[in-house]
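A.B. asks: sequence first, predicted coordinates after that:
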Amino acid sequence: MKLKNITLKKTKLLIILIAASLMFSFTYVSCDIASASADEANLESDDISNDTDNGDSNNGNDSGTDNVSNTNGDSETDSESNDDSDSETDGESNDDSDSETDGSSEESLITDDSVSPLASSNTNPSSNPAFPETRATVSIPEGALVIFDSDKGIDKINNTAIWGNATLSNVTVDGKTVKKYELGSGNDKAFVGNLTETFNFPEASIIYLSVYANNNFKFAYHPGENGDIPQTVKWEDSWDWYSVLKTMTGESSMNSIAFSSDSNQVFYIDHIYIVPHEPVIETINLNDYEIVWQDEFDGTSLDTSKWKYETGASGWGNNELQNYIDDGRTTVVNNGTLKIKAFKENDEWKSARINSKTNLKYGYIEARMKITDKKGAWPAFWMLGENIGNVSWPDCGEIDIMENAPSTFGDGKVFGTLHARGHHGGAGISIGSKTIENLSSEWHTCAVLWTEEKITLYIDGVKKNSYNSDGTTENWPYNQNFYILLNLAIGGDLGNTNDAASLTDAQFEIDYVRWYQ
Ligand SMILES: [Ca+2]
C-alpha cells in the first residue's frame with residue numbers, strides 16, 4: 001500500500017506507454033524503467049524534492065537491489081498451500097537461517113545479485129567511456145537459456161522499441177557483434193526488446209548480463225504475462241565490462257527485456273542468458289514464538305477495542321475511488337472471519353480501512369486471507385510507523401506485507417514492499433512476491449519476520465526476500481513501534497480506475513491477524 005506513491009509524471013507515462021504498448025507489445029515494465037530513468041535524471045537537479053510527500057524521486061531504487069538477499073522463490077504449486085487454520089505447524093522446522101544451500105557449482109553466480117568487473121584489458125577504463133577496446137570473456141554455463149551471445153552470434157532480441165531520445169546499433173568489438181545502446185538528452189529513455197520466444201524457467205533463476213557501462217546502467221525484464229518492477233543495479237563509477245546477476249523471484253517466464261540509463265550515456269552488451277535454478281524453500285518455525293496480539297475475528301462485529309476505523313475519501317493521495325466508512329456494512333464479522341466489503345452506493349464506492357490500536361516493535365506478523373483478485377480492486381495488509389503523526393510519510397516507514405493489484409501487476413500476484421524516505425513511491429523495495437491461482441477462493445498467509453536487523457517476507461509460510469538495515473534513518477525507520485492496517489481500495493494508481501468502472505463489488509476476507517514475538 002503505497003501511501004502517496006506515484007507522481008503525475010509516472011501516471012502520465014503509464015498512460016502513454018499503454019498506448020505505446022499496442023505498437024510494441026510491452027507494458028508496465030517499460031514505464032517503470034523509463035520513469036526510473038526520468039527520476040534519476042531529476043535527481044541531478046531536484047534532489048530537494050525528496051522532502052515533499054508526493055515526490056517520487058526514487059533514489060532508493062538503486063540501493064535496494066544490493067541489499068535484498070534473494071534466497072529463494074517458491075515454485076511449488078499453490079494448491080499445497082496451508083488450509084489448516086494454525087500456521088504454527090509448518091511441517092518442516094527450518095529455522096530462519098540465512099544459510100543458502102545451493103548445490104550448484106555456480107555458487108557465486110546463483111546466490112548473489114551482484115555486479116562484478118569482468119576481465120578487461122582496459123588499464124584505465126574510466127578514461128574510455130565511449131567504446132570498449134576489448135570484450136570480456138564469458139563462459140556460459142551448460143543448460144543456460146541464451147538470449148544473446150555475441151561469441152556464437154545468437155540474438156533472440158528483436159523489434160526493440162526505442163523510447164525517447166536513444167539509439168540502438170550493432171558494433172564490432174574484437175571481431176564480434178555487440179549491441180550498443182546510446183541515450184541522448186531528455187527524460188523517459190528506454191529500450192524494450194521483444195524476445196523471439198517466451199523463456200520459461202524456475203522462479204529463482206538468475207538472469208545474467210555482461211555489459212560495458214558505468215554505474216548508471218539499469219535493466220528490467222518482462223515476464224510472460226505480468227508486468228514487473230525493473231531490476232536496477234549499481235556499482236562503482238568506472239567504465240568496464242561487468243557481469244550483472246539478478247535472481248528472478250516470483251516470475252517464471254520472460255518475453256521481453258528492457259534497458260535504460262541516464263542522459264547522454266552509452267552501454268554495450270555482449271551476453272545475456274538465464275541460468276535455471278530451483279528455489280531453496282525455507283519455512284519458519286513458530287514454536288519459538290508467542291502470540292502477543294491477535295484478532296481471530298470470532299465475534300459478530302469488528303472489535304473496536306482492537307481496531308479503529310480510518311475514514312475518508314481518495315486514499316490519501318493515491319486517487320482511489322472509495323470512501324472509507326465506519327458503519328459496519330464494510331466490515332462484516334461472522335463465522336470466524338472479517339469480511340472487508342467494498343460496494344457501490346449512489347455512485348460512490350464504500351469500503352473500509354482499519355488500523356490496529358496496538359503498536360508494537362519486531363516479531364512475526366501474519367494474516368490468513370482470501371484476497372479478492374478482481375481487476376480494479378487493491379486489497380492490502382500493511383503497517384505504518386507510529387510516529388507518522390510527527391514526521392509524516394514516508395519518514396515513518398511503511399511495511400507492506402501483502403498487496404494485490406491485478407490490473408497493474410497481473411492476476412493472482414501478492415507482493416511485499418518497504419517504503420521509507422530512502423525508498424518510497426515507485427522506488428519501494430520489493431521483499432518478494434508470489435503469483436497464486438486460487439488467491440480469492442482458498443486461504444493464504446502473508447507475513448513478515450521483522451527484527452532489529454532485517455525484514456523478511458513469508459508467503460504461505462515460505463521465506464521470500466529480506467531487506468537489511470543499513471543503520472540509517474533514511475533507509476531503516478523500522479526500529480520503532482508500528483501498527484497494522486487492513487483495507488480494500490478500489491481504483492486509484494495501482495487498483496486502476498478504468499477497470500474499477502466495470503466492478504460492482506469486492507471482498508477481502510481475513511481469518512486472523514497474529515503478532516508473534
Ligand atoms: Ca478466524
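C.D. replies: Perfect, thanks for sending it.
A.B. asks: near the ion, which residues of this structure?
C.D. replies: The interface of the chain toward the ion, taken as Cβ under 5 Å from the ion, is made up of Glu296, Phe297, Gly336, Asp511, Tyr512. In short, each C-beta sits where N, CA and C put it, glycine included.
A.B. asks: my guess is the last one meets Asp295, correct?
C.D. replies: Translated: Tyr512. Yes - in this structure, Tyr512 is within contact of Asp295 by Cβ atoms under 8 Å, at 6.6 Å.
A.B. asks: more neighbours: which of those two?
C.D. replies: The neighbour count for Tyr512 versus Asp295, taken as other Cβ atoms under 10 Å, is higher for Asp295 (25 against 22).
A.B. asks: pLDDT score for the more buried one?
C.D. replies: pLDDT recorded at Asp295 is 98.
A.B. asks: so what's it up against?
C.D. replies: Asp303, Lys306, Trp307, Leu338, Tyr512, Val513 (Cβ atoms under 8 Å, 6 or more residues apart in numbering).
A.B. asks: ok, now how distant is the residue nearest to the third one when sequence neighbours are not counted from Ile340?
C.D. replies: The shortest distance from Trp307 to any residue other than its chain neighbours is 4.4 Å, reached at Ile354 (Cβ to Cβ, 6 or more residues apart in numbering). Per Cβ to Cβ, to the nearest Å, Ile354 is found 8 Å from Ile340.
A.B. asks: overlap in contacts, the two.
C.D. replies: Applying Cβ under 8 Å, 6+ apart, one finds that Ile354 and Ile340 are jointly contacted by Thr331, Leu486, Asn487.
A.B. asks: ok, now how distant is the last one from the ion?
C.D. replies: When Cβ to the ion, to the nearest Å is the yardstick, Asn487 and the ion sit 19 Å from each other.
A.B. asks: same deal with the first one?
C.D. replies: With the distance defined as Cβ to the ion, Thr331 ends up 14 Å from the ion.
A.B. asks: that older thread, please pick the buried ones from the residues of the chain next to the ion.
C.D. replies: Glu296, Phe297, Asp511, Tyr512 (16 or more other Cβ atoms under 10 Å).
A.B. asks: Throw those into JSON lines and include distance to Asn498 and secondary structure, thanks.
C.D. replies: JSON lines is the format used below for these (distance: Cβ to Cβ, whole Å; DSSP: H, G, I helix; E, B strand; the rest coil):
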{"residue": "Glu296", "distance to Asn498": "37", "secondary structure": "coil"}
{"residue": "Phe297", "distance to Asn498": "33", "secondary structure": "coil"}
{"residue": "Asp511", "distance to Asn498": "32", "secondary structure": "strand"}
{"residue": "Tyr512", "distance to Asn498": "34", "secondary structure": "strand"}
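A.B. asks: okay, now the unreliable bits of the stretch 251-400 of the chain?
C.D. replies: For the stretch 251-400 of the chain, applying pLDDT under 70 flags the ranges 261-262, 317.
A.B. asks: could you find the closest non-adjacent residue to Gly416?
C.D. replies: Leu457 (3.9 Å).
A.B. asks: neighbours around the one you found, how many?
C.D. replies: Leu457, neighbours per other Cβ under 10 Å, totals 29.
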